[in-house]
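Peer 1: Generate coordinates for the sequence data below:
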Amino acid sequence: MMFLLRSVFGVIFLASVLLFPVNGIRLFTEKVSSSDVDETEKESDLFMKFLEASEYQNGPECPVLAKESLLCDPSIVHIAMTIDPEYLRGTIAAIHSVLKHGSCPENVFFHFIASDSSLVNANDLTRIVKSAFPSLSFKVYIFQENLVRNLISSSIRQALDNPLNYARSYLADILEACIERVIYLDSDTIVVDDIQKLWSITLTGSRTIGAPEYCHASFDKYFTSEFWSDPELSRVFEEKRPCYFNTGVMVMDLVRWREGDYTRKIERWMRIQKERRIYELGSLPSFLLVFGGDVEAIDHRWNQHGLGGDNLVNSCRPLHPGPVSLLHWSGKGKPWVRLDADRPCLVDFIWAPYDLYKFQGYPQHQQQQNQELPRFSSDSL
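Peer 2: Below you'll find the predicted structure:
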């Protein structure tokens with residue numbers, strides 16, 4: 001029976017490929033530049049690929065705020081994400097999930113960071129987002145890649161070397177000075193709980209960032225023997241109890257960040273890395289070096305990471321035990337890629353309902369798999 005279902009879906013998927021021969025994400029990787037292309041067709045190519053989401057409204061307990069003043073309003077939730085053609089489908093799904101489960105969705109402001117080398121410019125990215133979320137409060141910022149291009153060392157996976165991965169280190173410089181606090185989210189996440197709960201977490205003492213910590217993980221493995229054998233380098237962790245944390249979900253105090261000049265401290269470690277090769281894993285280790293042992297520990301439910309497998313192998317992983325508020329497909333495998341290729345993991349069908357891409361090729365297969373998934377809430381996951 002399962003073989004028959006998969007065969008039927010294979011025919012459906014093949015038909016969708018024939019009808020829409022360009023892969024979903026790749027539809028956005030080439031800007032239309034020909035002068036003789038009709039403007040309407042150009043706009044259609046760029047931003048008519050997503051369905052418009054349902055209109056989400058504030059609950060009765062939410063304060064009524066003037067939309068034009070939200071950018072600098074410290075009482076609303078500020079979320080920063082990178083936005084680029086390759087991960088655009090994930091970004092749209094993440095936004096959708098935040099709005100769907102938020103108690104005050106109109107009181108959320110998104111700050112999207114785009115690369116200055118992107119083939120889709122900021123104006124087009126703005127239209128794409130507006131096509132799916134017409135009433136969303138957001139702004140697209142430009143990240144100058146030359147800030148980090150000469151600081152990046154090759155890592156174990158090429159995708160980790162993308163300069164845009166390092167934009168999270170520059171949020172305090174990129175965003176307006178009036179923005180004092182922000183939640184940073186990777187584009188391969190979905191939120192299945194009220195984002196207000198994450199926003200309300202207090203960063204105690206002088207702590208600048210908060211994130212779920214994983215103290216059972218071997219911290220030594222994130223740095224090379226070159227690092228640990230040099231007392232001048234390894235003393236950074238003296239009198240600390242550093243734990244691994246994933247930088248794909250962070251609550252960040254930008255006032256403290258600016259006061260501590262943490263961007264420059266991260267850059268310093270990146271320069272040492274270029275000279276000494278003290279780690280292998282992209283942008284994460286520099287955060288561990290600067291903040292390890294001084295992170296506000298947030299409940300693990302706010303980052304069920306690793307759902308994309310590890311950095312080298314696209315493998316299926318189950319959910320961790322316990323409740324879930326945020327799911328994160330960190331690792332090589334991404335849910336939209338696996339779903340379109342008809343090679344999904346079971347957890348990918350939790351992501352699928354938030355996918356607004358028009359030409360998704362898996363609706364019938366999705367319905368069949370959803371019957372196998374337990375009905376869940378953020379408290380039961």
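Peer 1: contacting residues for the spatially most central residue of the chain?
Peer 2: In the chain, the centroid-proximal residue (CA atoms, centre = their mean) is residue 186; its distance is 1.3 Å. Residue 186 sits next to 81-82, 248-249, 328, 330 when contact means CB atoms under 8 Å, 6 or more residues apart in numbering. Glycine gets a C-beta too; all of them are placed from N, C-alpha and C.
Peer 1: Find the nearest non-adjacent residue to residue 255, please.
Peer 2: What sits nearest to residue 255 in space, not counting adjacent residues and going by CB to CB, 6 or more residues apart in numbering, is residue 180, at 4.9 Å.
Peer 1: I'd guessed that neighbour sits against residue 253; true?
Peer 2: Yes: with contact defined as CB atoms under 8 Å, residue 180 counts as touching residue 253 (7.2 Å).
Peer 1: Helices of the stretch 101-250 of the chain, start to end?
Peer 2: Taking DSSP state H, counting those that start in this stretch, the helices of the stretch 101-250 of the chain run over residues 122-132, 171-174, 195-199, 225-228, 231-234.
Peer 1: closest to residue 357 out of these?
Peer 2: Nearest to residue 357, of all the helices of the stretch 101-250 of the chain, is helix 122-132, at 9.5 Å by CB to CB.
Peer 1: Buried residues, that closest one. List them.
Peer 2: Buried residues in helix 122-132, counted by 16 or more other CB atoms under 10 Å: 122, 124-126, 128-129, 131-132.
Peer 1: now stretch 301-311
Peer 2: 301-309, 311.
Peer 1: low-confidence ranges in the stretch 51-200 of the chain?
Peer 2: 155-160 (pLDDT under 70).
Peer 1: can you tell me the helix or strand for residue 268?
Peer 2: helix 262-276 (DSSP states H and E).
Peer 1: packing partners for that helix?
Peer 2: For helix 262-276, the packing partners by 3 or more CB pairs under 8 Å, 6 or more residues apart in numbering; DSSP states H and E come out as helix 171-174, helix 284-291.
Peer 1: Residue 229: which of these is closest?
Peer 2: helix 284-291 (15.8 Å).
Peer 1: And the average pLDDT for the closest one is what?
Peer 2: On average, the pLDDT along helix 284-291 is 95.
Peer 1: relative orientation of it and helix 262-276 in degrees?
Peer 2: Angle, helix 284-291 to helix 262-276, by axes from the mean of the first three to the mean of the last three CA atoms, to 10 degrees: 120 degrees.
Peer 1: so how far is the helix or strand just after helix 284-291 from its chain's centroid?
Peer 2: Downstream of helix 284-291, the next assigned helix or strand under DSSP H and E is strand 296-297. Offset of strand 296-297 from its chain centre (CA atoms, centre = their mean, to the nearest Å): 20 Å.
Peer 1: Could you tell me which strands sit next to strand 296-297 in the sheet, and their orientation?
Peer 2: Strand 296-297 pairs in its sheet with strand 209-211 (parallel), by DSSP bridges.
Peer 1: How far does the strand it pairs with sit from its chain's centre?
Peer 2: For strand 209-211, the distance to the chain centre is 15 Å (CA atoms, centre = their mean).
Peer 1: and what of stretch 339-357?
Peer 2: What separates the centre of stretch 339-357 from the centre of its chain is 16 Å, taken as CA atoms, centre = their mean.
Peer 1: before we move on, what about stretch 191-206?
Peer 2: 17 Å.
Peer 1: What are the contacting residues of it?
Peer 2: With contact meaning CB under 8 Å, 6+ apart, stretch 191-206 is reached by 77, 79, 94, 97-98, 101-104, 108, 183, 185, 209-210, 251, 253, 256, 294, 296, 298, 301-302, 324-327, 350, 376-378, 381.
Peer 1: Tell me the buried residues in that stretch?
Peer 2: Those would be 191-199, 203, for stretch 191-206 by 16+ other CB under 10 Å.
Peer 1: Quick check, residue 344 in contact with residue 337.
Peer 2: No: counting by CB under 8 Å, residue 344 does not reach residue 337; the two are 9.5 Å apart.
Peer 1: helix/strand/coil for residue 52?
Peer 2: coil (DSSP: H, G, I helix; E, B strand; the rest coil).
Peer 1: need the contact list for it.
Peer 2: Residue 52 touches 131-134, 356, counting by CB under 8 Å, 6+ apart.
Peer 1: Show me which pair in the residues you listed is furthest apart.
Peer 2: 134 and 356 (12.6 Å).
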